[in-house]
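**Q** pasting the sequence and the predicted model now:
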Amino acid sequence: MTDSTTPAPAPAPTRDSTVTLREINKDNWREVINLAVAESQTEIVATNLKSLCESHYTEDAWPRAVYADDTVVGFLMLSIWPIEDWYGVWRFMIDHKYQAQGFGRKAIQLAIAHIKKNHPDAKQIRLMSIGPEGRKGVAAKDSPYKFYTSFGWKEISEYDEEGEVELGLDLE
């Protein structure tokens, strides 16, 4: 039961929610670090706590909370450095409760649009992904490879000993 001084909880996001990338600040950092991927995906991406710590000490990090309406549903961190022709998706995750609702797709589209608008000389966006076959400790179904290649990312390196490959998305 709520009284007149207790705000009503925000409605749960839906597929039709507006997705935005917002700066992480004193009001939302706790929500960001409390997000979690599915247990089967924990070997794929670092925790948001680690990523935020790294971003604090790395000049080229561009960390953002992924919102669906007014609910934090994910985390995105780009690597954006001066005078380069490519930038990187350093970290990206959507909380396990909000996966498969289109929020990740919309967030990546917003990241691409941000780079195109604010870094018009960028020729490519790069990222590392586990290959489509998965790897030790990560099942193929948990690999984000198909998600990224659905945007047009293509392999630009050989697979490393960890079963990861660098993917590039041409912006020209």
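**A** Structure received.
**Q** what ranges does this protein have for its helices?
**A** Along the chain, counting by DSSP state H, helices occupy 29-33, 48-56, 103-118, 145-149.
**Q** with mean neighbour count added, can I get those helices in a markdown table?
**A** For glycine as for every other residue, the C-beta is placed from the backbone atoms N, C-alpha and C. Formatted as a markdown table, those follow (neighbours: other C-beta atoms under 10 Å):
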| stretch | mean neighbour count |
| --- | --- |
| helix 29-33 | 16 |
| helix 48-56 | 17 |
| helix 103-118 | 17 |
| helix 145-149 | 16 |
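**Q** let me know which of the ones you listed is the nearest to Ile130.
**A** Closest to Ile130 of the helices of the chain is helix 145-149 (C-beta to C-beta; 6.3 Å).
**Q** what sits against the residue nearest the centre of the chain?
**A** In the chain, the residue lying closest to the centroid (C-alpha atoms, centre = their mean) is Phe92, at 2.2 Å. Listed by C-beta atoms under 8 Å, 6 or more residues apart in numbering, the contact set of Phe92 reads 45, 74-77, 104, 107-108, 127.
**Q** list just the nearest of those residues to Lys154.
**A** Taking C-beta to C-beta as the measure, Leu127 is the one of the contacts of Phe92 closest to Lys154, at 11.5 Å.
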